[in-house]
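K.L.:
After the sequence you'll find the predicted model.
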2 protein chains.
Amino acid sequence: MPPSPVRPPVRSATDVLERCRELVRPALVEAVGRLHPWTGEMAAYALGWADTAGNPDPGGSEGKGVRQALAVLGAEAVGADGSDGVPGAVAVELVHTFSLLHDDIMDADALRRQRPAVWKAYGTGPAVLAGDALFAQAVATLAEARGRYTAAAVRCLARTLGALVAGQAEDLRFEDRPWHGPDAVGPDRYRLMAEQKTGALLGGAIALGAVLGGAPDRTVNALERAGRHLGLAFQAVDDILGIWGDPEVTGKPVHADLRQGKKTYPVLTALAGEGRAARELAVLLDSGRRIDGETAERVARLVEEAGGRTATREEARRHLDTARRALRETPLTGAAADELDALFAYVLDRTW
Amino acid sequence: MPPSPVRPPVRSATDVLERCRELVRPALVEAVGRLHPWTGEMAAYALGWADTAGNPDPGGSEGKGVRQALAVLGAEAVGADGSDGVPGAVAVELVHTFSLLHDDIMDADALRRQRPAVWKAYGTGPAVLAGDALFAQAVATLAEARGRYTAAAVRCLARTLGALVAGQAEDLRFEDRPWHGPDAVGPDRYRLMAEQKTGALLGGAIALGAVLGGAPDRTVNALERAGRHLGLAFQAVDDILGIWGDPEVTGKPVHADLRQGKKTYPVLTALAGEGRAARELAVLLDSGRRIDGETAERVARLVEEAGGRTATREEARRHLDTARRALRETPLTGAAADELDALFAYVLDRTW
């Protein structure tokens, strides 16, 4: 997405992302280069660096690199050098790529960033393996980092990994839950899932940077909490994009989440409403009929009419505010505090 | 397999396995208990503790627990208490279970220890997730272990994980290599694969125990090397069982490896022979025809006639000798050194 000329904070965030990407890239390239050549090839494809023949891919997209930037800024914001955060940045980018690879298998998502998902391009078995290789390399990168804070950083990464996997488990289990009644997914349960699935890695990224920068536990915890709320905002935005996002921008089919019957925040809050649209939506979802084409269009409209889109925007805004407040209330140093804040704001600019 | 009454060393090894299992179990149960309930359920099934309904499974088999025993004995052999090795033992058992789970997906193996593999019982996506959860928990268990040697232990585990995944990548790539010519898999390339795929985790298990027991690098490296040769012996035995093993004992179909066209040591060495059987085998394999039923029977006979089975037994024996010599040449303390030696010998008693 090009920076919007009327919103200077956005441009500043993209500059921050670019700066951090440049700082992290050599170590990330080296980490991928240490993989078995075959898993390295799949990793390069997943990272948008190459096509399936191993050539530079003009259609490849690297992703925004939010997580690596958070790790670098996490170190800088506690008074350390950005380079101290680099092993953490590499680890979180590898973990992020691993989780996209495996999640696409679990969710049967055939497209990722407008290209075939790794399991589509290379097969399911190889994609499982490539994910495992990235996971192992993430742990190795951090474990082998020099410095006094390595053990604490590995503990932080391990916590993050556990939460990430638990969040994905929870999300998959939602599929078997009914839309209504005592077993339905309530907003609190949804938030816990989103905090683990999405918040853990964003929070873990800043926390890792701060740990590697030598910050005291209190600061690390405050930054991790800020990152987790950022993740909740991020997931809310993602839920909106999963229903109303432009396929050209999201790289996914229109109404993707509706077609998959995913229990996302907009649908859950719409269903909790009292009006005609909510009732009509409930009937449609309970009918168990396949949601595609016109039905998906109709479901999307009903979710919007029943207030699901507005509620999700508010949810995102609320978590972003909490995240930014947590940042302000943490004693941070240098320009990195402002840059973190700009980056936080940028996350929500993906959609409106 | 019940201990053979005529071979006292075997009985001693099973006692050792039992003692170590009892020592490790509470921590292993606790580690699995920290997983998300759903991944925990799949992990309990994979570990042979429960059936798919979560009830104790009389048909479930825990496996021999060689790796956890190696970690405990690794600590004891360097003069530490066996309990010091327990976090390492838990980590390697979790990693072993993770790798079985994911490998069964990659190899499309439907059976594991006479029961449906996890991906058959729960689906591919859930099995990927359960493996990830075990992987993450292995890292967490070790990272959160108390003591001075945690960071070194995590580095050791990370090295092991990297090698394990690289070995699996190499093994999968063998499928696309021809049986003959310059691109064929030679014995050295095969050994490198086996050392990574199987040796890394056995070597890593002893090394982890030794690291957690506070051993100097030299001792750790010697024990790791012994374990890697044990792994090469183990893999050779596994290759024999994959062709000639009794399905009742292996839990896999008869001639399983032949049906899958796997490039195992017995077949590769048989093909390298000069006689009639080797030539006939080459023609049969090059024909590209599906190997099952009578053809598999015939291939197995030709591999044996061409000397593949004998060569693989010798390969196993050679690596076992190297492994035991490495043990003897390392300064170790207490009964654990003898117990390690007995356990090493036991590994080969699986087949003849």
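P.N.:
That came in fine, so what should we check first?
K.L.:
low-scoring stretches of chain A, by residue?
P.N.:
Under the criterion pLDDT under 70, the flagged ranges of chain A are A:1-11, A:350-352.
K.L.:
which residue sits farthest out from the middle of it?
P.N.:
A:R276 (34.0 Å; CA atoms, centre = their mean).
K.L.:
need the residues of the stretch 101-250 of chain A near chain B, please.
P.N.:
A:102, A:105-108, A:124-126, A:128-129, A:131-133, A:135-137, A:139-140, A:143-144, A:150-151, A:154-155, A:157-159, A:161-162, A:164-166, A:168-170, A:172-173 (CB under 8 Å from any CB of the partner chain). In this view, the C-beta of every residue, glycine as well, is placed from N, C-alpha and C.
K.L.:
I'd like to know how far the residue farthest from the centre of chain A sits from A:D171.
P.N.:
Separation of A:R276 from A:D171 (CB to CB, to the nearest Å): 30 Å.
K.L.:
Enumerate the positions of stretch A:138-153 that are buried.
P.N.:
Residues A:A138, A:V139, A:A140, A:T141, A:L142, A:A143, A:A145, A:Y149, A:T150, A:A151, A:A152, A:A153 are the ones in stretch A:138-153 that count as buried (16 or more other CB atoms under 10 Å in any protein chain shown).
K.L.:
for stretch A:183-200, same thing?
P.N.:
Using 16+ other CB under 10 Å as the test for burial, stretch A:183-200 gives A:V185, A:Y190, A:R191, A:M193, A:A194, A:E195, A:Q196, A:K197, A:T198, A:G199, A:A200.
K.L.:
Go ahead and name everything in contact with it.
P.N.:
For stretch A:183-200, the surrounding residues in contact (CB atoms under 8 Å, 6 or more residues apart in numbering or on different chains) are A:159-160, A:163-164, A:166-168, A:170-171, A:174, A:177-178, A:227-232, A:234-236, A:238, A:263, A:265, A:268-269, A:271-272.
K.L.:
from the chain's centre, how far out does it sit?
P.N.:
14 Å (CA atoms, centre = their mean, to the nearest Å).
K.L.:
From the residues of the stretch 101-250 of chain A next to chain B, which land in helices?
P.N.:
The helices, defined by DSSP state H, take in A:102, A:105-106, A:124-126, A:128-129, A:131-133, A:135-137, A:139-140, A:143, A:150-151, A:154-155, A:157-159, A:161-162, A:164-166, A:168-170, A:172-173 from those.
K.L.:
ok, back up a step: buried subset of the residues of the stretch 101-250 of chain A next to chain B?
P.N.:
A:102, A:105-107, A:124-126, A:128-129, A:131-133, A:135-137, A:139-140, A:143, A:150-151, A:154-155, A:157-159, A:161-162, A:164-166, A:168-170, A:172-173.
K.L.:
Return the member of the buried residues of stretch A:138-153 nearest to B:P116.
P.N.:
Nearest to B:P116, judged by CB to CB, of those is A:V139 at 30.2 Å.
K.L.:
quick one: contacts for the nearest residue to that closest one once chain neighbours are set aside?
P.N.:
Counting by CB to CB, 6 or more residues apart in numbering or on different chains, A:V139 lies nearest to B:A158, which is 4.7 Å off, once chain neighbours are set aside. By CB under 8 Å, 6+ apart, the contact set of B:A158 is A:A136, A:V139, A:A140, A:A143, A:E144.
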